[in-house]
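Participant: Predicted model and sequence below, questions to follow.
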Amino acid sequence: MVLVLRKSFLKYLALFSLLSNFCSCFNSKLLALNVSKLQSDSDWSPAQVSWYGSPSGAGSDGACGYGDAVGKPPFSSLTTAAAASLFKSGRSCGACYQVKCKENIACSGNPVTVVITDECPGCDPEPVLFDLSGTSLGAMALPGKADQLRNAGRLDIQYRRVDCNYPGVLLTFLVDTGSSDYYFATVIEYVNGDGELAGVELKALDSNSYLPMQQSWGEVWKLNSENPLKAPFSIKLTEDSGKSLVADNVIPDGWKPGRIYTSIVNF
């Protein structure tokens with residue numbers, strides 16, 4: 001009888017140990033998932049948004065110089081103007097952000113990626129970081145609720161910085177119409193990665209080194225030269241993160257002001 005009780009007691013202890021290990025393992029995994037979720041949520045910051053332009057419009061290229069490209073792929077009207085503190089005198093032109101809203105019943109809660117194409121000077125010192133295009137604001141709404149969301153006025157949102165990604169789209173250089181043999185300026189579009197350029201340099205055919213270009217305004221970069229600049233030109237881009245690439249001979253011999261030239265490289 002004692003032997004039977006002893007065996008039963010040992011089986012109970014083994015079962016209790018197994019259940020304890022399982023619960024401990026399960027709780028650890030659950031805790032890890034919760035921590036991971038908290039870490040991902042911490043990427044988001046609070047802000048307010050307004051919108052401008054037509055309800056289905058692209059806002060404006062305004063202070064960045066993108067022209068009618070804002071309403072065409074890959075921007076596709078998913079654009080925003082930024083407060084002066086975020087716009088950084090045009091250095092943030094081309095930077096990408098995700099925005100989402102949950103406070104209004106018309107909000108979907110799904111993130112929408114927008115690109116900075118303009119400045120919103122009136123957004124400072126108000127807590128409005130973004131002045132979205134009508135299309136961008138409507139994209140945050142539930143199906144069929146875009147107009148309702150646009151009619152809500154200022155909205156509380158969350159936002160975070162993300163890499164730009166334009167799959168299948170070439171890095172583009174739109175030569176300024178005022179460019180000449182002694183002055184070269186270009187708008188740089190569709191920069192992957194940071195999207196935010198910290199520096200641009202040009203190397204002419206008869207030069208052994210790259211010459212630094214100056215930010216003229218927005219995403220327009222220029223170079224003045226005392227001597228004629230001989231094409232083709234290679235252009236070196238450096239993003240805010242420090243990453244660099246060279247668009248080798250991207251501006252060909254015989255280039256024309258107002259023309260668009262593309263490179264097969266991108267970040």
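Facilitator: Thanks, I have the structure now. Residues are numbered from 1 along each chain as shown.
Participant: What ranges in the stretch 1-150 of the chain fall below the confidence cut-off?
Facilitator: Scanning the stretch 1-150 of the chain for pLDDT under 70 picks out the ranges 1-41.
Participant: those helices in it, which residues are they?
Facilitator: Here the stretch 1-150 of the chain has its helices, by DSSP state H, counting those that start in this stretch, at 2-41, 84-87, 134-139, 146-150.
Participant: which parts of the shortest one are buried?
Facilitator: Across helix 84-87, burial judged by 16 or more other CB atoms under 10 Å covers Leu86, Phe87. Placement of C-beta: from N, CA and C, glycine included.
Participant: And stretch 99-118, by the same measure?
Facilitator: The neighbour-count criterion (16+ other CB under 10 Å) identifies 99-101, 104, 106-108, 111-112, 114-118 as the buried residues of stretch 99-118.
Participant: Over to stretch 46-57?
Facilitator: For stretch 46-57, by 16+ other CB under 10 Å, it's Ala47, Val49, Ser50, Trp51, Tyr52, Gly53, Gly57.
Participant: Give me the subset of those residues lying in strands.
Facilitator: In this view, those that belong to strands under DSSP state E are Ala47, Val49, Ser50, Trp51, Tyr52.
Participant: which of those residues sit farthest apart?
Facilitator: Ala47 and Tyr52 (16.1 Å; CB to CB).
Participant: hmm, back to that, can I get the buried residues of stretch 46-57 in CSV including distance to Trp217?
Facilitator: Formatted as CSV, the buried residues of stretch 46-57 follow (distance: CB to CB, whole Å):
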residue, distance to Trp217
Ala47, 25
Val49, 25
Ser50, 24
Trp51, 24
Tyr52, 20
Gly53, 21
Gly57, 23
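Participant: Kindly indicate which of these lies nearest Ser244.
Facilitator: Closest approach to Ser244 among these (CB to CB): Ala47, at 31.0 Å.
Participant: Verify the stated contact: the closest one with Gln158.
Facilitator: Yes: Ala47 is in contact with Gln158 according to CB atoms under 8 Å; the separation is 7.2 Å.
Participant: So for the two, which residues contact both of them?
Facilitator: Listed as contacting both Ala47 and Gln158 by CB atoms under 8 Å, 6 or more residues apart in numbering are Val99.
Participant: Near Asp206, how many other residues are there?
Facilitator: For Asp206, the count of nearby residues is 10 (other CB atoms under 10 Å).
Participant: quick one, what contacts it?
Facilitator: In this structure, Asp206 makes contact with Lys230, judged by CB under 8 Å, 6+ apart.
Participant: and it, which of the three is it?
Facilitator: Three-state secondary structure (criterion: DSSP: H, G, I helix; E, B strand; the rest coil) places Asp206 in coil.
Participant: nearest spatial neighbour of the residue nearest to the spatial centre of the chain, skipping sequence neighbours?
Facilitator: Central residue of the chain (CA atoms, centre = their mean): Cys96, 1.2 Å from the mean position. In space, and not counting its chain neighbours, Cys96 is closest to Cys164: 4.1 Å by CB to CB, 6 or more residues apart in numbering.
Participant: Contacts only, for the one you found.
Facilitator: For Cys164, the residues meeting the contact criterion (CB under 8 Å, 6+ apart) are Gly94, Ala95, Cys96, Val115, Tyr190, Val191, Asn192, Gly193, Asp194, Gly195.
Participant: wait, which of the residues you listed is closest to Glu219?
Facilitator: The nearest member of the contacts of Cys164 to Glu219, counting by CB to CB, is Gly94 at 5.9 Å.
Participant: That closest one against Ile116, yeah?
Facilitator: Yes: between Gly94 and Ile116 there is a contact under CB under 8 Å: 6.7 Å.
Participant: list the residues that contact both of those two?
Facilitator: Shared contacts of Gly94 and Ile116, defined by CB under 8 Å, 6+ apart, are found at Cys64.
Participant: Same question for stretch 244-251: list its buried residues.
Facilitator: Quick answer for stretch 244-251 (16+ other CB under 10 Å): Leu245, Ala247, Asn249, Val250, Ile251.
Participant: Mind listing the residues bridging to the second one?
Facilitator: Same thing as Ala247. Applying DSSP bridges to Ala247 gives these bridge partners: Ile235.
Participant: doesn't Pro232 make contact with it?
Facilitator: No: using CB under 8 Å, Ala247 is not in contact with Pro232; the gap is 10.5 Å.
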